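**Student:** Predicted structure and sequence below. I'll ask about it afterward.
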Amino acid sequence: MAVEMYEVIVIGGGHAGCEAAAAAARLGARTALVTINRSMIAQMSCNPSIGGIAKGHLVREIDALGGLMARVADRTAIQFRLLNRRRGPAVQAPRTQNDKTLYRSAMQRELESIAGLDVIEGEATGYVLQGGRVAGVDLGDGTRLGCRSIVLTTGTFLNGLCHMGERKFRAGRSGEKASIALAESIYGLGFRMGRLKTGTPPRLDRRSIDFSRFDEQAGDDEPTYFSFASQGRPELEQVSCWIAYTNQAVHQVIQENLHRSPLYGGEITGIGPRYCPSIEDKVVRFSERDRHQLFLEPEGLETDVIYVNGLSTSMPVDVQRNVLAGIAGLEESFMIRPGYAVEYDYVQPSELYPTLETKMIPGLFHAGQINGTTGYEEAAAQGLLAGINAAQRALDRPELHLSRRNSYIGILVDDLVTQGVDEPYRMFTSRSEYRLLLRIDNADRRLMPTGFELGLVPTDRFDHHQARWNRADGAIKLLRSTHLKASEPLYNELRNFGVEPGTPLIQVAKRPEFDLKDLDHLLQAKGMALDEEELRSVQIELRYEGYIEQQRRDVERLERMEAQRIPPTFDYQQIPGLSTEMAQRLERVRPLDLAQASRIQGITPAALSVLHIYLNQRKSPR
């Protein structure tokens, strides 16, 4: 049998698969993207939006590393909002409402333009292994593809089972077949696996909704883009969303029909996302609440479909209709498609190295919901990292590691491989110990040098950003070295701030009531004209300088712990004074260094101290 050879094969055309395939091919690896339905590549299966708290940070980081999601999201956005605008810069994040049809087609065009990337429509049914490592993929039509690396991004399709009241059917999402044969193949490899679930709400016809009954939620006048390359006005017409609420009567309908819910009737065994529960789960868990907030979100400019965010459910169709009829403004709404829940298999992510390569099978990488995560952004971030490392391994190049100290992507991956998951994982800013260092405004400075070194960020783009960083550094240096003189016009301009002659200008710039734009003319005169985003970034660095410096010292301590490497075959049972339980926890994760060991669930300070002393006494190979 003739075998078509690739360096990298990516299985699955969701958000993780798109980033993985694009990165691998752009790094020079001949790549195949295998998907059941080519036309559904980059489908927004759930809500038609990108970003949000912490998720927006991930998308900025994807862009800084040279990924695709940010640019595509900016081009297809029909609403831009900066969340947490009134809070500190560490937790501010962009979010877009997107035209889901245009997003899908724009991402597909991006993939089609990449040299060395073939998109193959077919069902992956199993792996080909040689000498204990991956060597290829078998397809349902009998075709065999050879490769050196595989990235598995199965989303909710792996042994997927959909629930809609008493009805259940095999599917990865409504209307698309589940991946059953591949799931059986993975079980045969001996991975520790589990079952999770997610859900989706009903979709309504816009023409049947009385929008006068809802609060309108418009977007921002000035867009906050995901991509550092995006600028100017949005490409598409901007639209509003609307805020609605459930009520006690609706909750009563749900309570009376809980026996028909597969979630409460025992049909669903998978664990759902804690932070995005179904409406029936909310009604039960928060029974003291009179109402729950909903968002009516357009799915695009050329469609009348409205997504009811917050009303995820697996209740029977008739119950869903009664729930909608009880909400003011939705009494006459027409349900285009009912909501449903989907259960799917995942592989425990503690089975992975921080490169997202499986520990058991060299050359096999996992990304996205197969790792127990939820969300487009988490999936895309993993896909990008897995695609990079799959290509690097196939081409015999150094692997890429991202750390908690330099990125939210690093936090995401470290949490997964160190802690594992027992429920769908979602990124939050609270997961970061160094939030002030990992802001949206400095994602380019943190990660673009890495993207450039890999070859994913073009030289002209990197040079442009280097010039921006140099201008910002020059501005800070100028502010530190400039002291106000009573004879200068600038002093008279700033007297309202209560400054005295001889005051360093940087002290004025740090004040919360001061806007650095007021010094724009000074910076321009010194050849350091900054644009609005550069000014904002400099002001954040100055205003939070003390806190930032403290976090940098914390990062230095983390770096010292990371420098204490642990050999991958290290025998923890040999350490005197380390309990069997602690040794077993360490053996299950096999941390790469002392810092990762410190984050393993259940590892005590005493156990960490014993390990630290033993490593210092023993000369370990690096």
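**Tutor:** Now that the structure is in, tell me what you want to look at. Numbers count the residues shown, from 1 in each chain.
**Student:** can you count the residues close to Ile327?
**Tutor:** A total of 21 residues lie near Ile327 under the criterion other Cβ atoms under 10 Å. Bear in mind the C-beta positions are built from the backbone N, C-alpha and C, glycine included.
**Student:** go on, Ser407?
**Tutor:** As a burial measure, Ser407 scores 27 neighbours (other Cβ under 10 Å).
**Student:** How about Val137?
**Tutor:** Residues within reach of Val137, counting by other Cβ under 10 Å, total 27.
**Student:** Could you look up the SS state of it?
**Tutor:** Under the three-state scheme (DSSP: H, G, I helix; E, B strand; the rest coil), Val137 adopts strand.
**Student:** Per-residue pLDDT of it, please?
**Tutor:** pLDDT recorded at Val137 is 97.
**Student:** hang on, it packs against Val10?
**Tutor:** No - using Cβ atoms under 8 Å, Val137 is not in contact with Val10, being 9.9 Å away.
**Student:** hey, what's in contact with both of those two?
**Tutor:** Common contacts of Val137 and Val10 (Cβ atoms under 8 Å, 6 or more residues apart in numbering): Val34, Ile150.
**Student:** was I right about Gly51 contacting Asn98?
**Tutor:** No - Gly51 lies out of contact with Asn98 (Cβ under 8 Å); the separation is 9.6 Å.
**Student:** what is in contact with these two at once?
**Tutor:** Ala73.
**Student:** tally of neighbours for Gly383?
**Tutor:** Gly383 sits with 33 neighbouring residues when counted by other Cβ under 10 Å.
**Student:** now for the helix or strand containing it, which elements pack on it?
**Tutor:** Using DSSP states H and E, Gly383 sits in helix 376-394. Using 3 or more Cβ pairs under 8 Å, 6 or more residues apart in numbering; DSSP states H and E, the elements in contact with helix 376-394 are strand 8-11, helix 15-26, strand 49-51, helix 55-64, helix 69-75, strand 149-152, strand 364-366, helix 408-419.
**Student:** Output those in CSV; the columns should cover mean pLDDT.
**Tutor:** Converted to CSV, the helices and strands packed on helix 376-394 look like this (pLDDT from 0 to 100):
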stretch, mean pLDDT
strand 8-11, 98
helix 15-26, 98
strand 49-51, 97
helix 55-64, 98
helix 69-75, 98
strand 149-152, 98
strand 364-366, 98
helix 408-419, 96
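**Student:** nearest to Arg38, of these?
**Tutor:** Arg38 lies closest, by Cβ to Cβ, to one member of the helices and strands packed on helix 376-394: helix 15-26, at 11.9 Å.
**Student:** Let me know the angle separating the closest one from helix 376-394.
**Tutor:** Interaxial angle, helix 15-26 versus helix 376-394 (axes from the mean of the first three to the mean of the last three Cα atoms, to 10 degrees): 30 degrees.
**Student:** Given the helix or strand just after helix 15-26, what are its sheet partners and their directions?
**Tutor:** Reading on from helix 15-26 to the C-terminus, the next helix or strand found by DSSP H and E is strand 31-35. According to DSSP bridges, strand 31-35 forms sheet pairs with strand 8-11 (parallel), strand 117-121 (parallel).
**Student:** could you dump these to TSV with distance to Glu110 and mean neighbour count?
**Tutor:** Below are the strands paired with strand 31-35 laid out as TSV (distance: least, Cβ to Cβ, whole Å; neighbours: other Cβ atoms under 10 Å):
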stretch	distance to Glu110	mean neighbour count
strand 8-11	14	32
strand 117-121	10	17
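**Student:** right, so of the ones you listed, which gets closest to Gly368?
**Tutor:** If you check each of the strands paired with strand 31-35 against Gly368 by Cβ to Cβ, strand 8-11 wins as the nearest, at 10.6 Å.
**Student:** Please state the offset of that closest one from the chain centre?
**Tutor:** From the chain centre to the centre of strand 8-11 is a distance of 20 Å (Cα atoms, centre = their mean, to the nearest Å).
**Student:** which residues touch that strand?
**Tutor:** With contact meaning Cβ under 8 Å, 6+ apart, strand 8-11 is reached by 17, 20-21, 24-25, 29-34, 124, 136-137, 145, 147-154, 182, 387, 390-391, 394.
**Student:** still on that earlier bit, looking at the helices and strands packed on helix 376-394, spot the one closest to Phe334.
**Tutor:** strand 49-51 (22.8 Å).
**Student:** and that closest one, what does it pack onto?
**Tutor:** helix 69-75, strand 93-98, helix 376-394.
**Student:** any idea which of the ones you listed is most buried?
**Tutor:** Greatest average neighbour count among these goes to helix 376-394 (a mean of 30), per mean count of other Cβ atoms under 10 Å.
**Student:** quick one: contacts for the residue nearest the centre of the chain?
**Tutor:** Per Cα atoms, centre = their mean, the C-alpha nearest to the average position across the chain is that of Glu378, at 2.5 Å. When contacts are counted by Cβ under 8 Å, 6+ apart, Glu378 touches Lys55, Leu58, Gly368, Leu412, Tyr425, Arg426, Met427.
**Student:** likewise Val253?
**Tutor:** Taking Cβ under 8 Å, 6+ apart, one finds Val319, Asn322, Val323, Gly326 in contact with Val253.
**Student:** so the third one makes contact with Ile279?
**Tutor:** Translated: Val323. Yes - the pair Val323 and Ile279 passes the contact test of Cβ under 8 Å, sitting 7.3 Å apart.
**Student:** list residues touching both of these two?
**Tutor:** Thr246, Ile254, Leu311, Thr313, Met315.
**Student:** Low-confidence regions, this protein specifically.
**Tutor:** 1-2, 487-488, 491, 493, 495-498, 619-622 (pLDDT under 70).
**Student:** of all the shared contacts of Val323 and Ile279, which two lie farthest apart?
**Tutor:** Using Cβ to Cβ, the two most remote members of the shared contacts of Val323 and Ile279 are Thr246 and Met315, lying 13.1 Å apart.
**Student:** Of those two, which one has the most company?
**Tutor:** Set side by side, Thr246 and Met315 show more neighbours around Met315, with 30 against 24, by other Cβ under 10 Å.
**Student:** Let me see the contact set for that one.
**Tutor:** Neighbours of Met315 in contact, by Cβ under 8 Å, 6+ apart: Gly165, Ile254, Asn257, Arg260, Ser261, Ile279, Glu280, Val323, Gly339.
**Student:** Next, count neighbours for the first one.
**Tutor:** Here the count is done by other Cβ under 10 Å, and Gly165 has 21 residues near it.
**Student:** Just give the nearest non-adjacent residue to it, would you?
**Tutor:** Spatial nearest neighbour of Gly165, chain neighbours left out: Pro316 (2.7 Å); criterion: Cβ to Cβ, 6 or more residues apart in numbering.
**Student:** distance of the one you found from His259?
**Tutor:** Distance, Pro316 to His259, by Cβ to Cβ, to the nearest Å: 11 Å.
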